[in-house]
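1. here is a sequence together with a model predicted from it:
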Amino acid sequence: MSGVHSLLCRRFTAVLVVASLLVLPLLTLPEPAGAETPEWVVSSPTTLENQIKVVNANVKIESGGELRLVNSTLVMNCSEDGDYELLVKAGGKLSADRGVITYGAVKARYWFRVAGDLDLQDSEVVGTRGMFDMGGIYITSGKTTINRCRLHDHQWYAVYANGSSPTITGSTFENCKSGVKLDSTSSAVIEGNIFQGMEKEAVLVLNSNPTIRGNTIRDNWRGIGLYNSKATVSGNDITNCGAIGIECAEQSDATVSNNNISKCGDAGISVVSSIPKITGNSILSCGNGINITAAGPAISKNTIAGNRGWGVVCRSGSPDFDGNKFEDMAGNYNTLGGAVVCWRLQLWVQDSAKKPLEGADITVKDGNGNVVFKGKSGMDGGVQELYLNQYRINVSGTVKDTPHKVSVSYRELSDTLTLTMTKDHVYTAKLGAQPKPFLPGMDAPLMLLALCASVLVVARLRRRS
């Protein structure tokens with residue numbers, strides 16, 4: 001039996017070897033002709049006209065190549081986010097006239113990068129992949145024109161130009177994390193577009209000098225954010241932003257003119273550490289009209305009215321006001337007043353040993369005798385950061401609120417200071433030695449010693465006499 005079993009095993013092994021030799025070549029056969037390759041490489045002028053092309057691969061447009069979509073749809077048919085990329089290399093070009101570039105049925109997102117030229121006319125781009133520093137149509141060089149297009153449902157930015165200056169006109173941006181980001185661009189033009197439904201900003205500008213004009217920006221968290229940028233922002237209609245209509249920060253000495261800004265939650269315009277020129281704007285029904293921090297912008301010939309707070313709030317800065325109106329045609333003023341300029345006071349209280357003194361009473365009165373703060377020092381001897389008015393502008397004119405009188409007291413110790421609030425101040429009130437606490441019974445021995453000393457003195461005087 002063992003010999004038969006051994007013979008059967010040898011024959012079965014031989015069958016397996018033969019079967020393997022027959023099957024392995026089949027597993028390594030090339031794909032049949034006509035199957036989609038991992039990359040569709042466009043190296044010469046190629047036109048898709050009146051077609052729908054579904055691509056299960058990367059699309060690469062090489063230098064000298066051009067892909068033209070004429071009334072056609074290109075579907076980047078990813079199975080998962082980021083599977084495929086549409087790449088226009090330097091020297092390549094992608095153009096579309098009434099074209100659509102979109103994701104597939106499962107809505108898995110694709111990458112879209114442009115280092116060559118891009119010309120989109122009357123077209124639609126949908127569903128790109130994105131994250132913090134990349135995404136959307138990511139443009140790094142070449143000439144880009146986007147005209148009368150619709151860009152929507154992008155994971156992050158719809159367009160991100162880094163080192164390139166696109167011209168984007170007459171287009172609609174909807175339902176993205178952010179609309180357009182410009183970084184280190186010199187002459188980008190964003191004109192006549194509609195931005196709506198952005199979770200963050202419609203237009204974000206970093207280290208750039210673009211022209212942003214004539215756009216309709218509505219129902220976004222923020223309208224236009226400028227950082228270290230000298231942009232020209234004019235003639236835009238910005239409404240219903242959750243936070244801010246236009247922000248100028250980090251030395252953004254921009255020109256902000258003739259914009260209509262309304263119904264923004266925090267402020268129509270925010271200025272931080274910048275000196276923009278804010279001229280001829282209408283700023284209505286926002287939280288504050290203009291918020292200014294550590295800056296001295298020129299604010300002239302604006303209508304700033306009907307805002308829930310102040311028309312202008314300036315903290316730690318000296319704005320230049322000229323010819324502004326704080327009341328609209330219907331007689332709506334700002335709830336708190338036209339404008340207020342205030343400066344920061346940081347106040348600390350110490351004892352004679354220069355240790356923080358907790359529980360000191362602090363009272364601050366303005367130049368008109370009004371108590372503007374009353375409180376106590378904390379464990380660190382500090383008081384909450386105070387902003388004290390230099391002056392206010394209201395219906396009747398300008399009201400001066402400084403100098404301020406600051407009174408600090410602790411038991412019988414006190415200190416008084418007069419401050420003119422035309423700049424930020426840091427002041428430390430140094431009170432004398434704290435009185436020792438009274439303990440019942442501690443004075444009796446002292447009194448007895450004093451009495452004994454008196455008796456001895458009297459006795460000595462009697463002896464002499």
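-> Cool, the structure landed. Numbers count the residues shown, from 1 in each chain.
2. measure the nearest residue to L336 once chain neighbours are set aside to G223 for me?
-> Leaving aside its sequence neighbours, L336 sits nearest to W310 (CB to CB, 6 or more residues apart in numbering; 4.7 Å). The C-beta positions use only the backbone N, C-alpha and C, and glycine is treated the same way. Note on W310: its distance to G223, by CB to CB, to the nearest Å, is 20 Å.
3. same check, this time on S273
-> 19 Å.
4. for these two, indicate the residue with more neighbours.
-> Ranked by neighbour count (other CB atoms under 10 Å), S273 and G223 place G223 first, with 32 against 16.
5. just the helices in the stretch 351-465 of the chain please.
-> 443-464 (DSSP state H, counting those that start in this stretch).
6. show me where pLDDT drops low in it?
-> Along the stretch 351-465 of the chain, segments meeting pLDDT under 70 span 433-465.
7. what are the boundaries of the strands in it?
-> 361-365, 371-376, 386-394, 397-400, 404-410, 413-419, 425-430 (DSSP state E, counting those that start in this stretch).
8. looking at these, which is closest to N259?
-> strand 386-394 (21.7 Å; CB to CB).
9. and the closest one, which strands flank it?
-> If you go by DSSP bridges, strand 386-394 pairs up with strand 337-350 (antiparallel), strand 397-400 (antiparallel).
10. in CSV: these, plus mean neighbour count and distance to N259.
-> Shown next, in CSV, are those (neighbours: other CB atoms under 10 Å; distance: least, CB to CB, whole Å):
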stretch, mean neighbour count, distance to N259
strand 337-350, 21, 19
strand 397-400, 12, 26
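11. from I212, how far out is the residue nearest in space to the middle of the chain?
-> For the chain, the residue sitting closest to the mean C-alpha position, by CA atoms, centre = their mean, is G225 at 6.6 Å. G225 is 11 Å from I212, where distance means CB to CB.
12. next, show the common contact partners of those two.
-> 203, 205 (CB atoms under 8 Å, 6 or more residues apart in numbering).
13. let me have the strands of the stretch 351-465 of the chain in CSV, adding distance to L336 as columns.
-> Putting the strands of the stretch 351-465 of the chain into CSV (distance: least, CB to CB, whole Å) gives the following:
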stretch, distance to L336
strand 361-365, 19
strand 371-376, 14
strand 386-394, 9
strand 397-400, 13
strand 404-410, 19
strand 413-419, 23
strand 425-430, 24
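14. okay, and the beta partners of N147?
-> Under the criterion used (DSSP bridges), N147 bridges to Q121, T169.
15. that one against G170, yeah?
-> Yes - the pair N147 / G170 is scored as a contact, 5.7 Å apart, by CB atoms under 8 Å.
16. tell me, how many residues neighbour S409?
-> 16.
17. name all residues that make contact with it.
-> Under the criterion of CB under 8 Å, 6+ apart, the neighbours of S409 are 360-361, 415.
18. ok, now E85?
-> 58-59, 110-113.
19. how about the backbone phi and psi for it?
-> Phi and psi for E85, reported as degrees, to the nearest 10, are phi -140, psi 140.
20. from Y103, how far out is it?
-> Relative to Y103, and taking CB to CB, E85 is found at 12 Å.
21. which neighbours do the two share?
-> Y110.
22. may I have stretch 105-125 as CSV, with CA atoms only?
-> The C-alpha coordinates for stretch 105-125 follow below in CSV (Å, rounded to 0.1, in the frame of the first residue of the first chain):
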residue,chain,number,x,y,z
ALA,A,105,-20.7,58.6,-10.0
VAL,A,106,-19.3,57.7,-6.5
LYS,A,107,-18.1,61.4,-6.2
ALA,A,108,-14.5,60.4,-5.2
ARG,A,109,-12.4,63.5,-5.6
TYR,A,110,-9.4,64.0,-8.0
TRP,A,111,-6.3,66.2,-7.9
PHE,A,112,-6.1,69.0,-10.5
ARG,A,113,-2.6,70.7,-10.9
VAL,A,114,-1.6,73.2,-13.5
ALA,A,115,2.0,74.2,-14.3
GLY,A,116,1.3,75.1,-17.9
ASP,A,117,-1.6,77.1,-19.5
LEU,A,118,-5.3,76.9,-18.6
ASP,A,119,-8.1,78.5,-20.6
LEU,A,120,-11.6,77.8,-19.4
GLN,A,121,-14.6,79.4,-21.2
ASP,A,122,-18.2,78.9,-20.3
SER,A,123,-17.3,75.6,-18.6
GLU,A,124,-17.8,73.8,-15.3
VAL,A,125,-15.3,72.3,-12.9
